[in-house]
Structures are given as structure tokens and as C-alpha cells.
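Novice: build me a model from this:
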Amino acid sequence: MGGKTAMQVALSYPDRVEKLIVADIAPVTYQPRHDAILEGLTRLDLSAVTTRAEADEALRQYVDVTAVRQFLLTNLVRVPKEEKASNPDVFQWRLNLPVIEACYQNLANAPEGEGPFTGPVLFLKGEKSAYIQRKHQERIKALFPAACIEVVADTEHWLHAEKPDEVARLCREFLNA
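Specialist: Predicted coordinates:
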């Protein structure tokens, strides 16, 4: 969801962005695709989970890719000791799931902007992902004329979770160019 936000910032405030990296998302409106993930995250009973392994197992029925589950579970944090009196759970979410769920369609919408962002932009595409398609390339070039697209081999949409070292390398190379 950060890619859409970053694109919107670059289009709305181009003077505040020097370079932009977008991970496996195009500047188009998508149909909802994360319903199962959101359902799994919201149905995870935090009052019953005492270990990260238990949370992983409970989430498995909604998210079958281990690397994706592990990435999602980085948002599951231990309840701080000072909050234990008001929250007896072992874990809590770092993200605001009710707001994400309520605003999901807004997050799926295409970014809007007055004109193109002319700075350098790197779009990273998961090879097996359908999020950046050939039909999106015209829209990408219209909004981000200096964009290049790099494909991360053997990955789906969650490429940063599936191949973090490769994604980090591509980002470093782009930022240092």
C-alpha cells in the first residue's frame, strides 16, 4: 500500500521527492485483492495467541505463502509491559486494521495528480505478479516519464518479502545512480 501513497506524494508534491521506488503496483485502480489477508489478520484472536508460531499457524489458512505470512507478522508486536494492566494479551497489531479495512477501496484507487512527476522512478515488478501489466505501461510513462521497470525473478506481489536481498540490491543501485 506504500507504493500508491508514494506515487501520490510524488505527483502532489514533486518538489519534495528526489527519486521514487515503487514495489509491484501500478498507478491504476485495482479490484480488491487482499480480502483473504485482511480477513486472516482481523480474525486472528490475539487473546488466544501466546507465540508467534501460533499466530503463523492461525494465519496459514488465509495466507499460504510462508514468506508473506512472516512479512505480515512483522506487524504483530508484544504488548509493552506498561500497557499490560489495560491489555492482558501477549501481542497486538502495530497497524490499524479497522482503518485499513474501512479505507481499502481508497487505497486501491489510482493516484491523482496535476501533472507528471519527472524525477527518476524505479518500478519493481514481481515476475509472477499481475499487478504491473503491459497495459499499465502507458499510464506509468504518462505519470512518470523517467520511470524504468525492473523484474524480480521468481517472485509474486510480495517481492520484498520473497527476495529481500535482491530487492534491497536493486534499490541501492537505483538510489546510488
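Novice: contacts for the helix or strand of the chain with the lowest mean pLDDT?
Specialist: Across the helices and strands of the chain, the lowest-confidence element by mean pLDDT, DSSP states H and E is helix 104-108, at a mean of 80. Helix 104-108 is contacted by residues 1, 4, 29-34, 38, 100 when judged by CB atoms under 8 Å, 6 or more residues apart in numbering. In short, each C-beta sits where N, CA and C put it, glycine included.
Novice: which PyMOL command selects the buried ones in those residues?
Specialist: Here is the PyMOL command that picks out the buried ones among the contacts of helix 104-108, judged by 16 or more other CB atoms under 10 Å:
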select buried, resi 4+30+34+100
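Novice: which one of the contacts of helix 104-108 sits closest to residue 150?
Specialist: When the contacts of helix 104-108 are ranked by distance to residue 150 (CB to CB), residue 4 comes first, at 18.8 Å.
Novice: mind checking the SS state of the closest one?
Specialist: helix (DSSP: H, G, I helix; E, B strand; the rest coil).
Novice: follow-up on the earlier one: from the contacts of helix 104-108, which ones fall inside strands?
Specialist: Within the contacts of helix 104-108, membership in strands is found for no residue, as judged by DSSP state E.
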